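1. Following is a predicted model, sequence given first.
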Amino acid sequence: MARIELYDTTLRDGMQGEGMSLSAGEKLRVAHRLDELGIDLIEAGFPSSNPKELELFGLLAGESFRHAEIAAFGMTRRRDVAADADPALRVIAESFAPVCTLVGKTWALHLEKVVKVDREENLRMIADSVAFLVAAGKRVIYDAEHFFDGFADDPAYALRCLRAAADAGAETVVCCDTNGGTLPHVVGIAMGEVVGALGGGPGASGVRIGIHTHDDAGCGVANALAAVLNGATHVQGTINGYGERCGNANMISIIPNLQLKLGYECLSAEQLAALTPAANYIAELLNFTPDPDSPYVGRNAFAHKGGMHVAGVTADPATFEHIEPDVVGNRRELLISELSGKGTVQARAREAGISLSDADAATMVERVKELEHRGYHFEAADGSFELLLRREAEDYEPLFTLESWRVIVERRADAQLVTEATIKIWLGGERYVRTAEGNGPVNALDRALREALGEIHPHLRDIDLVNFKVRILDETKGTGAVTRVLLDASDGDRVWGSIGVSENVIESSWEALVDSLEYGMQLGRRDGSRVSPATVVPGT
Ligand SMILES: [Zn+2]
């Protein structure tokens, strides 16, 4: 079976979705996670539409990936401007990205109503732009926007648009269902004609044909599959289907469907087994609750309730399950965390240089289960997880002993808010009492704590809190609503996550704050010196 090229656009098209927000550093972590998963191409956006993208491309340029290649995204040249004089195209040509994806028009309705460009000029815009980037040494992917609407309206012209890109040297032409309203049988027929007209398809020497779909008719994934079944060998999608309106085609569903149901080659078995953790990791980073009902990777995807189902699954899992959950890194129980398996716990301990016996590992698994039940979730809190291992496994020496903390928030008549925190801690046999003001309770506590600790551990001054995410967990756990705080901290070289859970948001924050600083100290103690950026493994 043919190998299908996987193209992820979470960092570009996916970011159009509501509530999608990632810093450049976080996007870099997503890119590494996609690389580990085995994604072939990662679309990172337009290299300089804003300072954030500029920062991202700066970061990406200095990074090495095991497998994935970075694609810069842009549009065909403007009308009446030569490609080499188009500032946006020049930016893409000058970016470090080896692959450039260009989007252009296919549908007469858009040419007439939106861009006001005649059909022949549109074909020249496509050809000139592709040729310019090919001449600049780029591999070019051409995204034919509104392809299926254009094809329904005027099939011959839609094919001419694709051919213009292919003849100009594009390695892949992608048929996009930009409005997301096309149904699978229509996609299938159109793709068959595209492949027939342009070559492509498995084993063919023609241009590679790709598919980019949206979920407005609930058929994003089905449309991608229909395209592949009719000869497309390049599939675009986003992690968890993030994207504007109803979202893009969900790559997390597309991959196992292609590989397990249709027999196409996408990922190695180990990579496929990392699908669930990757989906959850990216959701957590975006501060979204992972969708429990998500196909393949949701917490409920292989959860069984009710006597008959449980008895059936116990007798033979095939009775009520369409695949083995561990093939995609999911599990049969309600428990979701990737960290809850004994083998994983032991592997993580080894990584951190902690020796953990079989019995200790089993105890840890139970401990993690119990904490998860209370609302902890360690997938995005690697720092807290390692500390948990240390606290359980060794004679752990805490950074300090807390006597008490107190926060006062005062609102004055002139609407000014003043926050003041006092902490009392024991450190190296001495009692430290420190008071600090801040722009909020967490900030004030952080300052007071650092003031005390910084006297003995100056390394702490290098640690910044880079992210602070709060989520109110629902009451399904039977303990009333609790607040979960996820903190990301960085010493400039590495980024780690920590977590706190409590009914009180300040206590959750305190817990996460202490973990983030303690973990930062662990790094300092363990390495003796700072680690180089090359050794950063995001997500670990
Ligand atoms: Zn799109």
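-> Received it, and whenever you're ready, just let me know what you need.
2. Pop the domain breakdown of the protein in here.
-> By the assignment in automatic domain parsing, the chain contains the domains 5-267, 343-396+463-540, 400-456.
3. ranking these by mean pLDDT, which is last?
-> The minimum mean pLDDT among those belongs to domain 343-396+463-540 (a mean of 78).
4. Tell me which of the domains of the chain is the most buried.
-> Comparing these by mean neighbour count (mean count of other CB atoms under 10 Å), domain 5-267 ranks first with a mean of 20. C-beta: built from backbone N, CA, C; applies to glycine.
5. and the end-to-end length of it?
-> Counting by CA to CA, to the nearest Å, you get 10 Å between the two ends of domain 5-267.
6. ok, back up a step: okay, the domains of the chain in TSV with distance to R332 next?
-> Shown next, in TSV, are the domains of the chain (distance: least, CB to CB, whole Å):
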stretch	distance to R332
domain 5-267	16
domain 343-396+463-540	14
domain 400-456	38
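7. And these: which comes nearest V327?
-> Smallest distance to V327 across the domains of the chain (CB to CB): 6.8 Å, for domain 5-267.
8. show me what contacts the spatially closest residue to K52 that is not a sequence neighbour?
-> Nearest residue to K52 in three dimensions, chain neighbours excluded: A24, at 5.5 Å (CB to CB, 6 or more residues apart in numbering). By CB atoms under 8 Å, 6 or more residues apart in numbering, the contact set of A24 is 52-53, 55-56, 59.
9. 7 Å instead?
-> By CB atoms under 7 Å, 6 or more residues apart in numbering, the residues touching A24 are 52, 55-56, 59.
10. Now tabulate the residues you listed in JSON lines and tack on distance to T106.
-> Output for those, formatted as JSON lines (distance: CB to CB, whole Å):
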{"residue": "K52", "distance to T106": "30"}
{"residue": "E55", "distance to T106": "33"}
{"residue": "L56", "distance to T106": "29"}
{"residue": "L59", "distance to T106": "34"}
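11. Show me where the stretch 1-150 of the chain has its helices.
-> Assigned by DSSP state H, counting those that start in this stretch, the stretch 1-150 of the chain shows helices spanning 24-37, 51-61, 87-94, 108-110, 119-135, 147-153.
12. Reformat those helices into a markdown table and put distance to P317 next to each item.
-> Listed next are the helices of the stretch 1-150 of the chain as a markdown table, based on distance: least, CB to CB, whole Å:
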| stretch | distance to P317 |
| --- | --- |
| helix 24-37 | 25 |
| helix 51-61 | 42 |
| helix 87-94 | 49 |
| helix 108-110 | 49 |
| helix 119-135 | 49 |
| helix 147-153 | 39 |
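13. Quick one: closest of these to K369.
-> Using CB to CB, these put helix 24-37 closest to K369, at 24.7 Å.
14. ok, back up a step: and the domains of the chain: which comes nearest A273?
-> For A273, the closest of the domains of the chain is domain 5-267, at 9.0 Å, according to CB to CB.
15. coming back round to it: please report how far the residue nearest to K52 lies from D8.
-> 17 Å (CB to CB, to the nearest Å).
16. One more: V117?
-> According to CB to CB, V117 stands 30 Å off from D8.
17. that older thread, of the contacts of A24, which is the nearest to V195?
-> L56 (34.6 Å).
18. so how far is E43 from that closest one?
-> The gap separating L56 from E43 is 12 Å, by CB to CB.
19. pretty sure G241 contacts N248?
-> Yes - shown here, G241 and N248 form a contact pair, counting by CB atoms under 7 Å, at 5.9 Å.
20. Can you check which residues contact both of the two?
-> Any residue near both G241 and N248 by CB under 7 Å, 6+ apart counts here, and that gives 215, 220.
21. tell me which of the contacts of A24 is nearest to D143?
-> L56 (20.0 Å).
22. Once you drop chain neighbours, what's closest to the closest one?
-> Nearest non-adjacent residue to L56, counting by CB to CB, 6+ apart: A24, 4.2 Å away.
23. Next: A278.
-> Take A278 and drop its neighbours on the chain: the residue closest to it by CB to CB, 6+ apart is L37, 4.8 Å away.
24. tell me the contacts of that neighbour?
-> With CB under 7 Å, 6+ apart, L37 has these contacts: 271, 274, 278.
25. what about the first one, neighbour count?
-> Meaning Q271. Using other CB atoms under 10 Å, Q271 has 18 neighbouring residues.
26. Against G218, how distant is it?
-> Relative to G218, Q271 is positioned 28 Å away (CB to CB).
27. my read: A222 touches P184, true?
-> Yes - in this structure, A222 is within contact of P184 by CB under 7 Å, at 4.5 Å.
28. what's in contact with stretch 208-215?
-> In this structure, residues lying in contact with stretch 208-215 by CB under 7 Å, 6+ apart are 7, 143, 171-178, 180, 194-195, 198, 200-201, 220, 223-224, 227, 231-236, 241, 243, 246-249.
29. Which of the residues you listed fall in strands?
-> Counted as lying in strands by DSSP state E, out of the contacts of stretch 208-215, are 7, 143, 172-177, 234-236.
30. which residues does the residue minimising distance to the centre of the chain contact?
-> Centrality entry for the chain: nearest residue to the mean C-alpha point is I282, 3.4 Å, by CA atoms, centre = their mean. Shown in contact with I282 (CB under 7 Å, 6+ apart): 30, 33, 239-240.
31. any idea how far it lies from F148?
-> Taking CB to CB, one finds I282 at 28 Å from F148.
32. one step back: quick check: which of the domains of the chain is nearest to P292?
-> Of all the domains of the chain, domain 343-396+463-540 sits nearest to P292, with 9.9 Å by CB to CB.
33. any idea which element A283 lies in?
-> helix 275-285 (DSSP states H and E).
34. what about dumping the CA coordinates of that helix to PDB?
-> The C-alpha trace of helix 275-285 is given here as PDB (Å, rounded to 0.1, in the frame of the first residue of the first chain):
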ATOM      1  CA  LEU A 275      -1.400   9.100  19.200                       C
ATOM      2  CA  THR A 276      -3.500   9.500  22.400                       C
ATOM      3  CA  PRO A 277      -0.800  11.200  24.500                       C
ATOM      4  CA  ALA A 278       0.000  13.500  21.600                       C
ATOM      5  CA  ALA A 279      -3.700  14.500  21.200                       C
ATOM      6  CA  ASN A 280      -4.000  15.100  24.900                       C
ATOM      7  CA  TYR A 281      -0.800  17.000  25.200                       C
ATOM      8  CA  ILE A 282      -1.700  19.500  22.500                       C
ATOM      9  CA  ALA A 283      -5.200  19.900  24.000                       C
ATOM     10  CA  GLU A 284      -3.700  20.600  27.400                       C
ATOM     11  CA  LEU A 285      -1.200  23.100  26.000                       C
END
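35. what separates it from the chain centre, distance-wise?
-> 7 Å (CA atoms, centre = their mean, to the nearest Å).
36. and it, average pLDDT?
-> Average pLDDT, helix 275-285: 90.
37. now that helix and helix 24-37, what's the angle there?
-> Helix 275-285 and helix 24-37 are oriented at 180 degrees to each other (axes from the mean of the first three to the mean of the last three CA atoms, to 10 degrees).
38. State the distance from F320 to V174.
-> 38 Å.
39. Ok, A131 next?
-> A131 is 18 Å from V174, by CB to CB.
40. Equivalent analysis for H110, please.
-> According to CB to CB, H110 and V174 sit 17 Å apart.
41. Run through the bridge partners of the closest residue to E455 other than its chain neighbours.
-> Once flanking residues are discounted, E455 sits nearest to Y432: 7.8 Å by CB to CB, 6+ apart. Under the criterion DSSP bridges, Y432 forms beta bridges with I425.
42. I figured Y432 hits A452, correct?
-> Yes - with contacts counted by CB under 7 Å, Y432 reaches A452, the gap being 4.0 Å.
43. The helix or strand where I209 lies: partners in the sheet, and parallel or antiparallel?
-> In this structure, I209 sits in strand 208-213 according to DSSP H and E. Neighbouring strands of strand 208-213 in its sheet, by DSSP bridges, are strand 172-177 (parallel), strand 234-237 (parallel).
44. Cheers, nothing more for now.
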